[in-house]
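# next input, structure requested:
(chains A and B)
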Protein chains: 2
Amino acid sequence: MKTSQIPFRTLREAPAEAIIASHQLMMRADLIRKLGNGLYTYMPLGLKAYRKVEGIIKDELNKSGALEFKPTVIVPGEIWKESGRWETMGPQMLKAKNRGDQDMVVSPTAEEAYTAICRAGLTSYKQLPINMYQINTKYRDEIRPRYGVMRGREFNMMDGYTLNANDESLDESYQGYAKAYHRIFKRLGLKVIPVKADTGAMGGSGSEEFMVESPVGDDTLILCPKCGYAANVEKASCRPDPALDDSGKPQAKTDLPFEEVATPNVFSIEDMEKFFGTTSKRFVKALIYRVINSSLDLTGTAGADKLKRVKEGDFEFYPVSYVCVLIRGDLDVNEAKLAGLLKASEVCLADDEEVVAMSGAPHGFVGPVKLNCPIVQDLSVNDMHDAFAGAGKEGFHIKHVEPGRDFTAWKNADVRTVKSGDKCCCEGCDGEYYTTKGNELGHIFKLGKKYTQSMGVTYLDENGKAAVPTMGCYGIGVDRVLASIIESFHDDKGIQWPMSVAPFQVAIVPIKYKDAMKDAADKLYDELTAAGIEVLLDDRDERPGVKFNDMDLLGFPVRITVGDKNLPNVEVKIRNQAEASLVPLTEAGAKVADIVRSALAELNAV
Amino acid sequence: MKTSQIPFRTLREAPAEAIIASHQLMMRADLIRKLGNGLYTYMPLGLKAYRKVEGIIKDELNKSGALEFKPTVIVPGEIWKESGRWETMGPQMLKAKNRGDQDMVVSPTAEEAYTAICRAGLTSYKQLPINMYQINTKYRDEIRPRYGVMRGREFNMMDGYTLNANDESLDESYQGYAKAYHRIFKRLGLKVIPVKADTGAMGGSGSEEFMVESPVGDDTLILCPKCGYAANVEKASCRPDPALDDSGKPQAKTDLPFEEVATPNVFSIEDMEKFFGTTSKRFVKALIYRVINSSLDLTGTAGADKLKRVKEGDFEFYPVSYVCVLIRGDLDVNEAKLAGLLKASEVCLADDEEVVAMSGAPHGFVGPVKLNCPIVQDLSVNDMHDAFAGAGKEGFHIKHVEPGRDFTAWKNADVRTVKSGDKCCCEGCDGEYYTTKGNELGHIFKLGKKYTQSMGVTYLDENGKAAVPTMGCYGIGVDRVLASIIESFHDDKGIQWPMSVAPFQVAIVPIKYKDAMKDAADKLYDELTAAGIEVLLDDRDERPGVKFNDMDLLGFPVRITVGDKNLPNVEVKIRNQAEASLVPLTEAGAKVADIVRSALAELNAV
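Numbers count the residues shown, from 1 in each chain, chains lettered A, B, ... in the order given. Next up, the predicted model:
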């Protein structure tokens, strides 16, 4: 193809709102144009790269045995009401009324559609597993869409779903997607870190995110340099570190009973350190949390008799309940881990009124004794002794506190936020964690029966008995992958496409498109095209500098410059190498074809 | 691929609501599943066929020089307000408010998006023409979606658009699409009839529809068996036929003045024929039409001083005006042609009150004399003499009417509805039209400056002067094409896919998938797959009859049956031929590969 056939114009400056490299470069190279807030059109050159990403995803998923299907983008609100997400998805879901006054949804994701579609035809265990994916338009009405296609409102996502007869089958499907993902990202040239993730509000039993390191990442990753452990901070664990006293020795047990101390102006951990002249490691921090939709049974715990328990189908839960979390004073509570422990859709710090009602004291003086709600004790509190804590009474703290003696936990669990410097949780590893920012490109997720149960999917198992299938879901953000490739591969001149994604693999730039230069350029173009190489010939009547800059900005992996001065040699330059080399025109085609093929072979290698 | 890997189940009976063959067969073969009214999911086998249609469309458009782009499906209502279609598209447009209370539209078509996108980057004539297309999700909230994917609410459409510097360039783009369409439909095995179409509410100067004959078609086509003339009835012309008297001779001029006759109970043409004892060919039918948004200048015509003329930008029009159409009594007025003549968005018969206001008489007695609105005289009235007409006074008609003497036309034009038996309008052709029903599969359309003007698109021409580009739009309904292929190619057993669209080209059916039959089937499968043929192996543990019926229903072009009885021969059967033939296993692979390749070559032949 020739540049004159392509409607593009490059920009020296990206619009001010573009603050990350991929957004800036995609705008400058005219790969995308903005149609509205969070709404980007792919222009022909951008779409070529996009389609290559899509093609590699499809190819690997097809090879893995997944089948492409295509639900509609607009779906009836009805199925979202069946699953219960009509309410819980909130305002990010774009809803419309059709002319019959029926609720319609612009799909933000397709668990409901997949479940409804499969339900219609499922009768026997023989049909399972069912493994289908789509790459289709999604819409989420993000409050603050940003970073171009990295976080748009309309976006394109590969979403795959499996229906499985049992956990073993689900695990097989899950591993199949994991394997395909590794192949996909390898072929795209991206280094991804698979991290254990929180299963969050989606519910479910296993989840892995495929992250790419990025300074503009939304997620914090916890990584062990020694054993390779990687987890999202929302899920990460660490080895418990001993509770130490002020001299660095393990805290020693006391036989003294706990004792109230008037602390009228002591509100924070810092205040306590100053007042008691010791470190925060000796304080038992007590925090009251409001818990939404917990399905744990609280019968017999403090205050449980006053809680409302609701039953929806087979699912029983407390719309609102409360717990007090105890944790060592130098540590923070990880709300995602806490919500997971409590099988809750959400947890958040209780408000002032609730804190007083549950603990008898305002925030700052909450203590583990005489609480009106169950205690969740973080593992960090287990070996604390002779500790300090709130007294459960405004203006007072207590000292000589002994866990186990002075209070008893309802749950004893790991709910701390892991941070840089914590010890790796893996057996036999003594690595120390570091953290990095990451962007999620893909996700695999064991959903379990959340949707199949609520939407009433059954099949007859081998014994002729009705059974509910279990489900997995798997996603890759296609636009985000494309943007991440640019984030990973660019320099100050522009994009440096990996060979597998480049809109064109080779750019031929004649200094002037006429006479001998035109002949040589045309000859090379024909030769390379015949060899199956994707070539762009810059036939514009522009200064050479303009053409070089544009080709560098657009990021084609190989540039062949055809100039009067060098003929019968031409200049071959690899985009991400500084030096160019002169090659006889007669050999240039074969040489460049070889460069392209070698690069592709390396990316595609298993 | 093997049938056991594909989630499908065939049905003996289609749902009752499926009344056309393609809908029934697509449901029975599990190519689609319904997700809501007018909302169909493509299941894997259906999607394979769909993707082949899409692939052929893309391939031919790419070859023609069009470039794929991809606007968002959800677009800001803002651009629809700019073009003026926010109001005029009516309730078929699905609208939603985003969280910022901004109007959003689920695209029913993309003229606005294309215009807005190109406007952003257009500066110079050097960038023109711009020629881009997409294949993307569209949504129209049809009142009565029906016929499965033939007329769904969500559908997939190829929509291409060109921006051109002038009419010659537009014509070149238009012809480029026309040529590509012919190739596309040829490769899909479809016989299409390109017909001249009305440019309708879209505005514009040239339009051609690509129709496929179908008993369930939405359109009526006028066809000449002699010269091949083809037109949508909304646009068709015919050769004027002479106005004859009761003895079949041309009507003769009269010198008698027109004369009132009391006709108290004469309301219809039939009443007049009876009352005056003559044929309808001697009556001048006069009909008052209400005209919406006509941009013609009516200054100086009857009643024009009372009309409101509105100016929007450069565009001046009458929101409401009236005309009286005169036509020979045996003919009907074609409202599409009338609207075109009047450059109006719509025309319709005036209501009783309006008729009296304009003509002084109620419907049935309206006459050409003393009218309060301009006269549009159909060509059929030109050679009428000594005619009958309404008197413009309730209960009276007039006779001895002479056109030209007793009334004068404001416009004299062809506004009649052409019908079967009318004479072909082509020069030198004496064919007689016949009509047929057709379904529109594609459309090419010279839009002109409707959108570029209203949305303010300009560029600098060769003289450095600001100019407004002209525009073309081009569409193919992808789902409808797929359904039409099934309408054209099926029998009572199921679908008969053309080789270019079949989800699999060959089905291998072992009578039992074990022992020697399994070995032979596997060998054939490997051999054909290695030869690049798309093969489905039916490995299900079902009775042979079930498997044969399913494969016939699914419509794969070639079936190879592997049975104990016939080995070392296998049976090769072409789906649309009655007889099967026995072929040695050792030769079957090569023979079948040849059948597939020959069929493809024939479809792809230029």
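# quick check: the residue nearest to A:Glu527 when sequence neighbours are not counted vs A:Thr529, distance?
Leaving aside its sequence neighbours, A:Glu527 sits nearest to A:Gly589 (C-beta to C-beta, 6 or more residues apart in numbering or on different chains; 3.8 Å). In short, each C-beta sits where N, CA and C put it, glycine included. A:Gly589 is 10 Å from A:Thr529, where distance means C-beta to C-beta, to the nearest Å.
# those two - which one has more neighbours?
A:Gly589 (24 against 15; other C-beta atoms under 10 Å in any protein chain shown).
# close enough to count as contact, the more buried one and A:Asp522?
No - counting by C-beta atoms under 8 Å, A:Gly589 does not reach A:Asp522; the two are 12.0 Å apart.
# please work out how many residues are found near the closest residue to A:Gly121 other than its chain neighbours.
Once flanking residues are discounted, A:Gly121 sits nearest to B:Arg9: 5.2 Å by C-beta to C-beta, 6+ apart. For B:Arg9, the neighbour count with other C-beta under 10 Å is 14.
# part of a strand, is B:Arg9?
No - per DSSP: H, G, I helix; E, B strand; the rest coil, B:Arg9 lies outside any strand segment and is coil.
# spit out the contact partners of it.
Contacts for B:Arg9 (C-beta atoms under 8 Å, 6 or more residues apart in numbering or on different chains) come out as A:Gly121, A:Thr123, A:Gln127, B:Asp30.
# in the stretch 301-450 of chain A, which spans are helices?
Ranges of helices within the stretch 301-450 of chain A are A:335-341, A:352-359, A:450-454, based on DSSP state H, counting those that start in this stretch.
# who wins for proximity to chain B among these?
helix A:450-454 (14.9 Å; C-beta to the nearest C-beta).
# touching, A:Ala350 and A:Val291? I think so.
No - assessed by C-beta under 8 Å, A:Ala350 is found out of contact with A:Val291, at 9.3 Å.
# between these two, who's got more neighbours?
Neighbour tally, A:Ala350 and A:Val291, criterion other C-beta under 10 Å: the higher count belongs to A:Val291, 27 against 23.
# now do the SS call for the more buried one.
Using three-state DSSP, the structure places A:Val291 in strand.
# quick check: beta-bridge partners of it?
Judged by DSSP bridges, the bridge partners of A:Val291 are A:Ser321, A:Val347.
# ok now the helix or strand in which A:Tyr114 is found, how far from the chain's centre?
Per DSSP states H and E, A:Tyr114 falls inside helix A:111-121. How far helix A:111-121 lies from its chain's middle: 25 Å, per C-alpha atoms, centre = their mean, to the nearest Å.
# how far is the helix or strand bottoming out on mean pLDDT in chain A from where the chain is centred?
Lowest by mean pLDDT, DSSP states H and E among the helices and strands of chain A is strand A:310-312, with a mean of 80. Put simply, strand A:310-312 sits 31 Å off its chain's centre (C-alpha atoms, centre = their mean).
# how about stretch A:589-606?
Counting by C-alpha atoms, centre = their mean, stretch A:589-606 is centred 32 Å from the centre of its parent chain.
# quick test: name the residue nearest the centre of chain A.
For chain A, the residue nearest the mean C-alpha position is A:Glu440 (3.0 Å; C-alpha atoms, centre = their mean).
# mind listing what A:Pro544 touches?
Contact partners of A:Pro544, counting by C-beta under 8 Å, 6+ apart, are A:Val509, A:Ile511, A:Thr561, A:Gly563.
# all strands for the stretch 101-250 of chain A, in order.
Assigned by DSSP state E, counting those that start in this stretch, the strands in the stretch 101-250 of chain A fall at A:103-106, A:130-139, A:154-164, A:193-196, A:206-213, A:219-223, A:230-232.
# what's the first one packed up against?
Applying 3 or more C-beta pairs under 8 Å, 6 or more residues apart in numbering or on different chains; DSSP states H and E, one finds that strand A:103-106 contacts strand A:74-76, helix A:77-83, strand A:94-97.
# quick one: which of the ones you listed is nearest A:Tyr139?
Counting by C-beta to C-beta, A:Tyr139 lies closest to strand A:94-97 out of these; the figure is 5.1 Å.
# could you list the buried residues of the closest one?
For strand A:94-97, burial by neighbour count (16 or more other C-beta atoms under 10 Å in any protein chain shown) applies to A:Leu94, A:Lys95, A:Ala96.
# could you double-check that the last one sits in contact with B:Leu94?
This points to A:Ala96. Yes - A:Ala96 lies in contact with B:Leu94 (C-beta under 8 Å); the separation is 5.2 Å.
# give the residues shared as contacts by those two.
Joint contacts of A:Ala96 and B:Leu94 (C-beta under 8 Å, 6+ apart) are A:Ile74, A:Met104, B:Val106.
# tell me where the stretch 451-600 of chain A has strands.
Counting by DSSP E, counting those that start in this stretch, the strands of the stretch 451-600 of chain A are A:459-460, A:466-467, A:470-477, A:490-491, A:494-495, A:506-510, A:535-537, A:558-562, A:569-574, A:580-584.
# which stretches of the stretch 301-450 of chain A have low pLDDT?
Scanning the stretch 301-450 of chain A for pLDDT under 70 picks out A:313-314.
# rerun at 80
Applying pLDDT under 80 to the stretch 301-450 of chain A picks out residues A:312-315.
# ok, and what's touching stretch A:575-585?
Applying C-beta under 8 Å, 6+ apart, the contact partners of stretch A:575-585 are A:489, A:491, A:496-497, A:520, A:523-524, A:552, A:555-559, A:561-562, A:566-573, A:591.
# how does chain A divide into domains?
A:48-211+A:441-486, A:259-413, A:495-604 (automatic domain parsing).
# now do the first one: distance from first to last residue.
Just to be clear, that refers to domain A:48-211+A:441-486. Using C-alpha to C-alpha, to the nearest Å, the gap from the first to the last residue of domain A:48-211+A:441-486 comes to 14 Å.
# what residue ranges in chain A score low on pLDDT?
Within chain A, the stretches with pLDDT under 80 are A:90, A:196-205, A:312-315.
# just the buried residues of strand A:94-97 that are near chain B?
A:Leu94, A:Lys95, A:Ala96 (C-beta under 8 Å from any C-beta of the partner chain).
# nearest to chain B, of these?
Minimum distance to chain B across these is 3.9 Å, recorded for A:Ala96 (C-beta to the nearest C-beta).
# now do the same end-to-end measure for stretch A:139-153.
6 Å.
# er, stretch A:221-232 I mean
Stretch A:221-232 stretches 5 Å from its first residue to its last (C-alpha to C-alpha).
# what does that stretch contact?
Stretch A:221-232 is contacted by residues A:193-198, A:209, A:211, A:213, A:219-220, A:233, A:236-238, A:418-419, A:422, A:424-426, A:429-438 when judged by C-beta under 8 Å, 6+ apart.
# if you set the cut-off to 7 Å instead, what comes out?
A:193-198, A:209, A:211, A:219, A:233, A:236, A:418, A:424, A:426, A:429, A:431, A:433-436, A:438 (C-beta atoms under 7 Å, 6 or more residues apart in numbering or on different chains).
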